[in-house]
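>>> Turn this into a model:
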Amino acid sequence: MLSSKSKVYNPQISFNSYQIIKRLSWLHGKPMTKTLDIIIKQAFEQVSPESICIACEGRGSDCTSCPVNQK
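Numbering: from 1, shown residues only. Prediction:
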């Protein structure tokens, strides 16, 4: 059962990326979904929240619940 904070998303990724995520999952002993979540969080840590907000196409629609919003 999904938690209230979970969203189902079936990304279309290349076969090569799929193979990489699968092997990273094996390396860390975690399911692919958890590994992908970790990768996304680590990528997020590499950029400034301000730059994400500037590029946001949903600006103003739901900023209060956005994990990027630091106000």
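>>> what about Thr35, how many neighbours?
Thr35 is flanked by 20 other residues according to other CB atoms under 10 Å. The C-beta positions use only the backbone N, C-alpha and C, and glycine is treated the same way.
>>> Give me the three-state assignment for it.
With DSSP: H, G, I helix; E, B strand; the rest coil as the basis, Thr35 sits in helix.
>>> Also the one 3 residues further on?
For Ile38, the secondary structure call by three-state DSSP comes out as helix.
>>> Report the contact partners of it.
Residues in contact with Ile38 (CB atoms under 8 Å, 6 or more residues apart in numbering) are 28, 30.
>>> Now with 10 Å, please.
The neighbours of Ile38, taking CB atoms under 10 Å, 6 or more residues apart in numbering as the test, are 24-25, 28, 30.
>>> any chance of these in a markdown table, plus pLDDT?
Shown next, in a markdown table, are the contacts of Ile38 (pLDDT from 0 to 100):
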| residue | pLDDT |
| --- | --- |
| Leu24 | 96 |
| Ser25 | 97 |
| His28 | 94 |
| Lys30 | 97 |
